[in-house]
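1. Got a sequence here, can you build the structure:
(2 chains)
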Amino acid sequence: MDEREHIIEVKDMVKKFGSFTANDHLTFHVEKGEIFGFLGANGAGKTTAMRILCGLSYPTSGEIHVAGHDVYRERERIKRKIGYMSQKFSLYEDLTVSENIHLYAGIYGLRKKQIAAREDQLLERLGLTHVRNRLIREVPLGWKQKLAFSVAIFHQPAIVFLDEPTGGVDPITRRQFWEMIHDATEEGITVFVTTHYMDEAEYCDRVSIMVDGRIDALDTPAALKQQYESVNMNEVFLKLARS
Amino acid sequence: MKRFFGFVKKEFQHIFRDKRTLLILFGLPIVMIILFGFVVSTEIRDVKVGIWDRSMDQASIRATQKIFSSGYFVPAGYIDHEEEIGELFRSGKARVVVVFEEGFERNLLREDRAAINLIADASDANTAQLSLTYLQGVLMTYFQSVNQDVEMPWSVNMKSRMFYNEEMKGVYMFIPGLMALILVLISALMTSVTIAREKEFGTMELLLASPLKPREIILGKVTPYVLLSFVNAMTIVLLGFLVFDVPVRGSLWLLMLICMLYITLALSLGVLISTNVKTQQMAMFISLLGLMLPSILLSGFIFPIENMPKVLQWFSAIMPPRWFIVIVKNIMLKGTGFAFIWKETLILLGMTIFFILAAVKRFKIRLN
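-> Sure, this is the predicted structure:
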């Protein structure tokens, strides 16, 4: 595994809000093309870390590179190479499916022709061609979520950051969603995903588990289960949280 | 640049697809102008006047005729007891009662002095005050004209003119005030709400994580409102001119320039508010309470600043609408040029720069 390229490299990352330490000396890396699960309870510091990697906030200290760029000095470059999907599936409710796609694709600097071709392809693949000109507010939640993800990777970023992407969605749709994530890695996109559904951790290549601002465990799901003598990831998590 | 225009286009789509926003943007100014113009007026018309004529001689009857032929007053009937005054007021049949003393004409001729008593129902203080002023005016004019051929030891002939607003029209005051109010309302309220909405729906995060620069996001959100607010300002001027004959005596270009400055100020205030709130509701609350009320009460729009307590006068000095109203009145009604308004303009410019800097600073803090 070691000869694979590290697309995210984090050394001693610290983020403090006043006297509160949200991220306490995090050190980890993400390999190119993998699905990296970032697990932890609410308030463990997942979102804080993710926001720093996305260029939404500055770290207090530490050495961090995303897609080969420094998060202090080369934020703009990083932003061009990443995609981001928040927990709220943030598409504009009063714009149509197509308008949302064009808006975000335009922001990432794609050309009109390029956008049109990819849009046709995408909607066909999702089976959503018939809602192309519907407002997002009229589209069911499950479709919205798939669209939000598709929009986040529409410009073919090197990495896509997913912040609890499956909140409030039914199990079948969640399953389909993870299939989409797998498809994305086949196109060479690295996936960095936070979640608190432990069953979803099984879909990840590697997972890190955060407790109180620190990374307490980091490995493949299989290795973690073996190490903590557990049958599933949920048990691993509970054992970690109690210790 | 193309990225930016795509973003601005989306903002226009938000505006034109939301009926409520459209209503506030275009309905509100028109409704407010019409309402203020027609309903709130400082002129009086058809005030009901009761007469208690205790002498019923030629002089008092002539004077009574003069009052009712002036056009401002209508007769509410004659009375002949003091108690009836209260009755007239309580029943609302009269607002003012004019009392001529006994032997009015005799006193006038023999002693050179005769008394008229004007009694007004001051439960509506403004109308009472105005009615009395008008009544006094009518009576003075009449008695002066009667006295013309009588030999008098001296006489002062007073004539007054109302410069810039000869007919004392209320709309002349309200158009500049309404411009100040509506522009603050639309620019500051709408921008703060629209930015707060992006935060509430989580789309702001996405935009910030995109290659769009923060200043592009803010400018993109604000640009449509600059254009629409400007259209609004000009609509108000046009409506004032077409419906209420309010003139623009000075330079229209200068007026437009000042409007742009004021719009920029209001927008930067809106951005500043939005950096301090998380929800649309909060943004609306702060904009309305923090901007609209002071704009109405402390700007000199309705209540004269000179009559306020000192402390409130200081407060009024930090209200942008106050300076804007002074400038607009100068340009529109007095027709003055830049030489007479540069001080106020400079104050507005200073405030604008201050708000922009503050907004940028807050925005950066929030990012880190």
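
2. any low-confidence regions in the stretch 1-150 of chain B?
-> B:40-42, B:147-150 (pLDDT under 70).

3. What parts of it come near chain A?
-> B:2-3, B:6-7, B:10, B:13-14, B:17-18 (CB under 8 Å from any CB of the partner chain). No exception for glycine: its C-beta is placed from N, CA and C like everyone else's.

4. Count the residues that sit near B:L252.
-> 12 (other CB atoms under 10 Å in any protein chain shown).

5. ok, now B:F26?
-> 15.

6. Repeat that for B:F340.
-> 15.

7. Secondary structure and neighbour count added to the residues of the stretch 1-150 of chain B next to chain A, as JSON lines?
-> Below are the residues of the stretch 1-150 of chain B next to chain A laid out as JSON lines (DSSP: H, G, I helix; E, B strand; the rest coil; neighbours: other CB atoms under 10 Å in any protein chain shown):
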{"residue": "B:K2", "secondary structure": "helix", "neighbour count": "11"}
{"residue": "B:R3", "secondary structure": "helix", "neighbour count": "19"}
{"residue": "B:G6", "secondary structure": "helix", "neighbour count": "18"}
{"residue": "B:F7", "secondary structure": "helix", "neighbour count": "21"}
{"residue": "B:K10", "secondary structure": "helix", "neighbour count": "23"}
{"residue": "B:Q13", "secondary structure": "helix", "neighbour count": "17"}
{"residue": "B:H14", "secondary structure": "helix", "neighbour count": "18"}
{"residue": "B:R17", "secondary structure": "helix", "neighbour count": "14"}
{"residue": "B:D18", "secondary structure": "coil", "neighbour count": "14"}
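
8. Same list (the residues you listed) but as CSV, adding distance to B:I182.
-> Listed next are the residues of the stretch 1-150 of chain B next to chain A as CSV, based on distance: CB to CB, whole Å:
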residue, distance to B:I182
B:K2, 33
B:R3, 32
B:G6, 30
B:F7, 26
B:K10, 25
B:Q13, 24
B:H14, 20
B:R17, 22
B:D18, 19
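
9. Could you report the pLDDT at residue 219?
-> You didn't say which chain, so I picked chain A. On pLDDT, A:D219 comes in at 93.

10. hmm, I had chain B in mind actually
-> Model confidence at B:L219 (pLDDT) stands at 91.

11. Now it: closest residue in space, sequence neighbours ignored.
-> In space, and not counting its chain neighbours, B:L219 is closest to B:F4: 7.5 Å by CB to CB, 6 or more residues apart in numbering or on different chains.

12. Go ahead and confirm the one you found touches B:I217.
-> No: in this structure B:F4 lies outside contact range of B:I217 using CB atoms under 8 Å: 9.5 Å.

13. Neighbour count for these two, which is higher?
-> Per other CB under 10 Å, whichever of B:F4 and B:I217 has more neighbours is B:I217, with 20 against 17.

14. Am I right that the more buried one falls within a helix?
-> Yes: the assignment for B:I217 by DSSP: H, G, I helix; E, B strand; the rest coil puts it in a helix.

15. what about A:R73, is that helix, strand or coil?
-> Relying on three-state DSSP, one would call A:R73 coil.

16. any idea how far it is from chain B?
-> Using CB to the nearest CB, to the nearest Å, one gets 15 Å for the distance from A:R73 to chain B.

17. how about that residue, phi and psi?
-> For A:R73, the backbone dihedrals (degrees, to the nearest 10) come out as phi -100, psi -20.

18. Contacts only, for the most centrally placed residue in chain B.
-> Nearest residue to the geometric centre of chain B (CA atoms, centre = their mean): B:F174, 3.2 Å. Going by CB atoms under 8 Å, 6 or more residues apart in numbering or on different chains, B:F174 touches B:33, B:36-37, B:40, B:301.

19. And it, how close does it get to B:S69?
-> 30 Å (CB to CB, to the nearest Å).

20. again with B:M260
-> Applying CB to CB, the value for B:M260 to B:S69 is 50 Å.

21. again, but for B:V222
-> Distance from B:V222 to B:S69, by CB to CB: 58 Å.

22. which of these two has more neighbours?
-> Each of B:V222 and B:S69 has its neighbours counted (other CB under 10 Å); B:V222 has more, 24 against 10.

23. Confirm for me that that one is in contact with B:T191.
-> Yes: contact criterion CB under 8 Å: B:V222 and B:T191 qualify, at 5.7 Å.

24. what touches both of those two?
-> B:267, B:270-271.

25. what's the closest non-adjacent residue to B:V271?
-> That would be B:A359: by CB to CB, 6+ apart, it lies 4.3 Å from B:V271.

26. meant to ask about A:R214, not that
-> A:D24 is the one closest to A:R214 (CB to CB, 6+ apart), at 4.9 Å.

27. okay, now that neighbour: neighbour count?
-> A:D24, neighbours per other CB under 10 Å, totals 16.

28. rewinding a little: check which helix or strand the residue nearest to the centre of chain B maps to.
-> Assigned by DSSP states H and E, B:F174 belongs to helix B:171-184.

29. and what of A:T27?
-> strand A:20-31.

30. And the contacts of the helix or strand just after that strand?
-> Using DSSP H and E, the helix or strand that follows strand A:20-31 in sequence is strand A:35-40. Here strand A:35-40 makes contact (CB under 8 Å, 6+ apart) with A:8, A:30, A:46, A:49-50, A:181-182, A:185, A:190-196, A:198, A:200-201, A:203-211, A:233, A:237.

31. if we can go back for a sec, show me the contacts of B:F174 that map onto helices.
-> Under the assignment DSSP state H, the contacts of B:F174 contribute B:33, B:36-37 to helices.

32. Tell me the one of these nearest chain A?
-> Distance to chain A, by CB to the nearest CB, is smallest for B:I33 among the ones in helices among the contacts of B:F174, at 29.2 Å.

33. Tell me who's in contact with that closest one.
-> By CB under 8 Å, 6+ apart, the contact set of B:I33 is B:174-175, B:178, B:236, B:239-240, B:243.

34. For the residues you listed, which entry has the maximal number of neighbours?
-> Busiest of those [other CB under 10 Å] is B:I175, holding 27 neighbours.

35. From B:L333, how far off is the residue lying closest to that one once chain neighbours are set aside?
-> Excluding its sequence neighbours, the residue lying closest to B:I175 (CB to CB, 6+ apart) is B:G240, at 4.2 Å. Computed with CB to CB, the distance linking B:G240 and B:L333 is 11 Å.

36. do the same with A:V10
-> 66 Å.

37. More neighbours: which of those two?
-> A:V10 (23 against 20).

38. Check which residues of the helix or strand harbouring the more buried one are buried.
-> Assigned by DSSP H and E, A:V10 falls within strand A:6-17. Within strand A:6-17, the residues that count as buried by 16 or more other CB atoms under 10 Å in any protein chain shown are A:7-8, A:10, A:13, A:15.

39. Noted, bye for now.
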